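Q: Pasting a predicted model and its sequence here:
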Amino acid sequence: MRILHTSDWHLGRSFHREGLLGHQGAFIDHLLAVVESEQVDLVVVSGDVYDRALPHVDAVALADESFARLAHSRASVVVSSGNHDSAQRLGFGSRLMDAAGVFVRTSAAGIGTPVVLGDEHGEVAVHALPYLDPSALLEPWELTHRSHEAALAEAMARVRADLAGRGPRTRSVVLAHAFVAGAEPSESERDISVGGVSRVATSLFDGIDYTALGHLHGPHVLGDALRYSGSPLAYSFSEADQVKGSWLVELGPDGLASAEWIDAPVPRRLARLTGSLEELLHDPRHTVHEDDWVQATLTDAPRPLRAMEQLRRRFPGALVLQFPSPIADPYTPVARRAGRSDHDIALDFINDLRGAPATETESTLLREAVDACCHDPDQDVLVGEAG
């Protein structure tokens, strides 16, 4: 059986306010092409189909189109819900979709009941574990403590109880949306820690022929049979160096036979550039990044005016402009000396932050802002009455 492992589509997500639906649609095109060219029998999606519990209608339309196209392909499809998904909304109509070969599993109540498929070597039991919220399962499952480790351990106990009742030649596939020890997160995943702990042990999945992990956005190999596919697109600049794609896994008669990485298309690359504004605008080494999405860190002191406007003349895809953190602690209280107004202190702040004094126009705007914030006649009356 040939399995294509993907996860974390996050349909409807934007990238620094840039819409990604077109890029996500291009990935679905790629996915369908791989299914045909590689003779894939099963596509697994390990959670986070959507980016939010209430997805935008355009994201729902893309998901509907994607699943319909997969249903008409040569492959069966097994999907689990992630921490970004609404289990109830993603799972709506799942019993009807089963008939089309698209198996959507979002309920903890169904854990232990697999999707059973087959090939010339016999049965393959696919256990799709949705994202498990330890707080919600603490009482129903009578967990010994509230943690991801406890919830997943109970889920895997139910999986193993099912597998124990099947024939010895039944091969096993598990989908799990979790943070497994040994992998490194990026900036774009939502924190799922409970009590400051989010990781679970790799040993929970021992003995499974293949575990298709989701949640982390970078690909990771935690063992031959234990892998993250990562997200198909980069969702933060921290993912600029990650390779995006899917795992093409082959199960033989005795379990995992091979796993091959399939690169996903890159609609627009990411670049993180550092240097002075002059360097970024004129250095020929940056020519290759002129069509990329760019995060620029400027080292100029003082900070140049209208820097983003100037950057976008060369890099139309410049999305983030930042400066190195100042050496001084920005949270250190500023001593207020007698006779210095709030306006004076605001001017000092601008000078310290930028390395140059505020312009006359900026000074006027600051004065108006300070006056608007500091003069509250009603508050004065209340204070006087209280005194």
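A: The structure has been received and is ready for your questions.
Q: where exactly do the helices run in the stretch 251-387 of the chain?
A: With DSSP state H, counting those that start in this stretch as the criterion, the stretch 251-387 of the chain has helices at 277-282, 307-314, 342-354, 360-374, 377-386.
Q: Go through the third one and flag the buried ones.
A: Pointing back at helix 342-354 there. By neighbour count on 16 or more other Cβ atoms under 10 Å, the buried set for helix 342-354 is 343, 346-347, 350, 354. For every residue, glycine as well, the C-beta is placed using N, CA and C.
Q: The helix or strand harbouring V126 pairs with which strands, parallel or anti?
A: V126 is part of strand 122-128 when elements are defined by DSSP states H and E. When sheet partners are counted by DSSP bridges, strand 122-128 sits next to strand 115-119 (antiparallel), strand 171-177 (parallel).
Q: Verify the stated contact: I208 with T170.
A: No - contact status for I208 versus T170: not in contact, 11.7 Å apart, counting by Cβ atoms under 8 Å.
Q: So if I had to pick from those two, which one is more boxed in?
A: Taking I208 and T170 together and counting by other Cβ atoms under 10 Å, I208 has the greater number of neighbours (24 against 17).
Q: Please report the distance of that one from L175.
A: Distance, I208 to L175, by Cβ to Cβ, to the nearest Å: 11 Å.
Q: same thing with P357?
A: 59 Å.
Q: More neighbours: which of those two?
A: L175 (25 against 13).
Q: show me the contacts for that one.
A: Applying Cβ atoms under 8 Å, 6 or more residues apart in numbering, we find L175 in contact with 44-47, 78, 80, 105, 126-129, 211-212, 214.
Q: Which of those fall in strands?
A: 44-46, 78, 80, 105, 126-128, 211-212, 214 (DSSP state E).
Q: which one among the residues you listed gets closest to T6?
A: The closest of these to T6 turns out to be V45 (Cβ to Cβ; 5.7 Å).
Q: Now do the closest residue to the closest one other than its chain neighbours: how many residues are near it, please.
A: Using Cβ to Cβ, 6 or more residues apart in numbering and skipping the chain neighbours, the partner closest in space to V45 is V79 (4.4 Å). A count of neighbours around V79, defined by other Cβ under 10 Å, yields 29.
Q: V79 against D98, yeah?
A: No - V79 lies out of contact with D98 (Cβ under 8 Å); the separation is 11.3 Å.
Q: what sits against the residue nearest to V45?
A: 44-45, 49, 67, 90, 102-105, 128.
Q: Including pLDDT, neighbour count and distance to V221, could the contacts of L175 go into TSV?
A: Conversion of the contacts of L175 to TSV gives the following (pLDDT from 0 to 100; neighbours: other Cβ atoms under 10 Å; distance: Cβ to Cβ, whole Å):
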residue	pLDDT	neighbour count	distance to V221
V44	98	29	17
V45	98	30	19
S46	98	30	15
G47	97	28	19
V78	98	25	21
S80	98	31	20
R105	98	25	25
V126	98	24	21
H127	98	27	21
A128	98	27	21
L129	98	27	20
T211	98	27	11
A212	98	31	12
G214	97	30	15
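Q: Outline the domain layout of this structure.
A: For the chain, the structural domains run 2-263, 269-324, 326-387, going by automatic domain parsing.
Q: Tell me how far the closest residue in space to A369 that isn't next to it in sequence lies from V159.
A: Of all residues not flanking A369 in the chain, A346 sits nearest, at 7.9 Å (Cβ to Cβ, 6+ apart). From A346 across to V159, the span is 61 Å (Cβ to Cβ).
Q: What of H220?
A: Distance from H220 to V159, by Cβ to Cβ: 21 Å.
Q: So which bits of stretch 123-140 are buried?
A: Across stretch 123-140, burial judged by 16+ other Cβ under 10 Å covers 124-134, 137-138.
Q: Put the alpha carbons of stretch 134-147 into PDB.
A: C-alpha atoms of stretch 134-147 as PDB (Å, rounded to 0.1, in the frame of the first residue of the first chain):
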ATOM      1  CA  PRO A 134      -6.600  16.800  28.100                       C
ATOM      2  CA  SER A 135      -8.900  19.100  30.100                       C
ATOM      3  CA  ALA A 136     -12.000  17.800  28.200                       C
ATOM      4  CA  LEU A 137     -11.000  14.200  28.600                       C
ATOM      5  CA  LEU A 138      -9.800  14.200  32.200                       C
ATOM      6  CA  GLU A 139     -13.100  13.000  33.700                       C
ATOM      7  CA  PRO A 140     -14.700  11.000  30.800                       C
ATOM      8  CA  TRP A 141     -11.500   9.000  30.400                       C
ATOM      9  CA  GLU A 142     -10.700   9.000  34.100                       C
ATOM     10  CA  LEU A 143      -7.100  10.100  33.300                       C
ATOM     11  CA  THR A 144      -4.700   9.900  36.200                       C
ATOM     12  CA  HIS A 145      -3.600  13.500  35.500                       C
ATOM     13  CA  ARG A 146      -4.300  16.300  33.100                       C
ATOM     14  CA  SER A 147      -1.600  16.100  30.400                       C
END
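Q: Highest mean neighbour count across the domains of the chain, which stretch is it?
A: Of all the domains of the chain, domain 2-263 has the most neighbours on average by mean count of other Cβ atoms under 10 Å, namely a mean of 18.
Q: Go ahead and flag the most central residue of the protein.
A: Nearest residue to the geometric centre of the chain (Cα atoms, centre = their mean): E189, 4.0 Å.
Q: where along the stretch 1-150 of the chain do the strands fall?
A: For the stretch 1-150 of the chain, the strands defined by DSSP state E, counting those that start in this stretch occupy 2-6, 14-15, 18-19, 42-46, 76-80, 102-105, 115-119, 122-128.
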